[in-house]
Each structure stands twice: as C-alpha cells, then as structure tokens.
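Asks: Quick one, fold the following:
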Amino acid sequence: MFAKIINFLLAITSHLGYPGIIILMALESSFFPFPSEVVIPPAAYLASKGEFNIWWVIASGVLGSLLGAWFNYFLALRLGRPMLARLIIRYGKFFLLPPDTLVKVERFFERHGHISTFIGRLLPGIRQYISLPAGLGRMNFWLFTFYTALGAGIWVTVLAAAGYLIGANEALLKAWLRRGSVLLILFSVMVVTVYLYFYRRKRARSF
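Replies: Next comes the predicted model:
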C-alpha cells in the first residue's frame, strides 16, 4: 500500500513540479489529514535522479507549509476567535473555562508564542494544528511566520534528506523517519528545558 502511494505521488509530483509540492504541503500544513512524509521524500528522490533541484524541493516544502499555516492562523483569528468567545460566554462554566480564557491564551502566546510555534512544528500530530491557538491568541503575525518557517524548515530538511539519500526503499525510509522523529522530539525537549531555565531566571531577577 505504501509503495502504491509513493508511486502515485511520484507521478503527481513529477507532472506538477514544484507547484505540486507547494500545494500538497499546504494541504498537509492545514487541518487536512495529509502527511508530509509522503510528499517531500518522493520529491527528494526525484531530485536524486536529476529531475528536481533538492534546494528548490526544500524551499517549496517550506513555502507550502507556510501557506497552510497562514490559512489555519487566519481562520482561527477571523472565524474561530469570535465563535469561541461566544461559546465560552454561553457554555464555558460547564467546562470550567472562565470568561477571560481568550485573554489568557493571548498572554501565553505573547510570552511564549515563539517557542510554542517553533517546537510545535517539530512534533508529530501537533505541527498541523499549532497555528490554530496562535491565531486564537493573536500572536504577532511576523513572529509566527518566522518561527513557523524555522520549524518547518528543519522538518522538511529531514524529510528531504531521507528521500534523497534512501530513495524509494520503504523499510529504510520508515526507519529513517522514525529515528528522525525521535531525535526531533529529544531536541524539542532539550530546547524547552533550556528555554524554561532562562525564562525562570529572568523572572526571578525581575522580582
């Protein structure tokens, strides 16, 4: 089944080129259930065969990730926020959500939005959805864009390296991606630990 999906995406990517990568990654980065693991590695494999440029594959992947993230961000900001505010006012007490929930979300993303967005882009199951709370919390758009691109760039590079070096070998590709995901999770834990250490030191000095 996996091999059939890879062959299908290879055909699509080869036909559509870089715009195809951008479109597929934009879908992956929004709330559509479309994994990036079946987009970038096949494109990188084609790059190893000389059909694409690996750097343009990575750039297209990052741009697609940004477009999908922007979609979620503005959807949450323009539609989700007013809707959530009404729901909290009407039903928040039944779910232990105080009226100032959105204010607390805003404060959180004002203080920790950069690290939350960056780390969120590295974690499986979260990377597609971290843009939604960022939009609800009115995180600064340019900071959101920068840290989304940074996190997405790391993940896309990992995927591209797997596809370029391993190619269409299903077993090796899955093993590489598993190891890559574990390393990124460990890296994320380390970054958050260091961030919290310096954040708490900074707060302690201010008192």
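
Asks: Please report the distance of the closest residue to residue 129 other than its chain neighbours from residue 132.
Replies: Across the structure, with CB to CB, 6 or more residues apart in numbering as the measure, the residue nearest residue 129 apart from its sequence neighbours is residue 31 (6.7 Å). All C-beta atoms are positioned from the backbone trio N, CA, C, and that covers glycine. Relative to residue 132, residue 31 is positioned 8 Å away (CB to CB, to the nearest Å).

Asks: go on, residue 59?
Replies: Looking at residue 59 against residue 132, where the rule is CB to CB, the gap reads 25 Å.

Asks: Of residue 31 and residue 132, give the one with the bigger neighbour count.
Replies: Between residue 31 and residue 132, counting by other CB atoms under 10 Å, residue 132 is the more crowded of the two (18 against 15).

Asks: check which helix or strand covers that one.
Replies: Taking DSSP states H and E as the definition, residue 132 sits inside helix 131-136.

Asks: This protein: helices as residue ranges?
Replies: Taking DSSP state H as the test, the helices found in the chain are 2-16, 18-29, 40-48, 54-75, 81-91, 101-120, 131-136, 141-166, 170-206.

Asks: Could you find the closest non-adjacent residue to residue 56?
Replies: residue 18 (5.8 Å).

Asks: what about the one you found, neighbour count?
Replies: Residues contacting residue 18 under the criterion other CB under 10 Å number 18.

Asks: my guess is it meets residue 60, correct?
Replies: Yes. Contact status for residue 18 versus residue 60: in contact at 4.5 Å, counting by CB atoms under 8 Å.

Asks: Just name the most buried of the helices of the chain.
Replies: helix 40-48 (a mean of 25; mean count of other CB atoms under 10 Å).

Asks: Any stretches of this structure with poor pLDDT?
Replies: 1-14, 33-34, 80-81, 83-103, 168-170, 206-207 (pLDDT under 70).

Asks: Can you give the contact residues for stretch 111-120?
Replies: Stretch 111-120 is contacted by residues 108-109, 126-127, 129-131, 133-134, 137, 139-140, 143-144, 147-148, 150-151, 188, 191-192, 195 when judged by CB atoms under 8 Å, 6 or more residues apart in numbering.

Asks: let's see it at 10 Å
Replies: Contacts of stretch 111-120 from elsewhere in the structure, counted by CB atoms under 10 Å, 6 or more residues apart in numbering, are 69, 73, 105-106, 108-109, 126-131, 133-134, 137-140, 143-152, 154, 184-185, 187-189, 191-192, 194-196, 199.

Asks: related to what we said a few turns ago, and the residue nearest to residue 129, its phi and psi?
Replies: phi -90, psi 10 (degrees, to the nearest 10).
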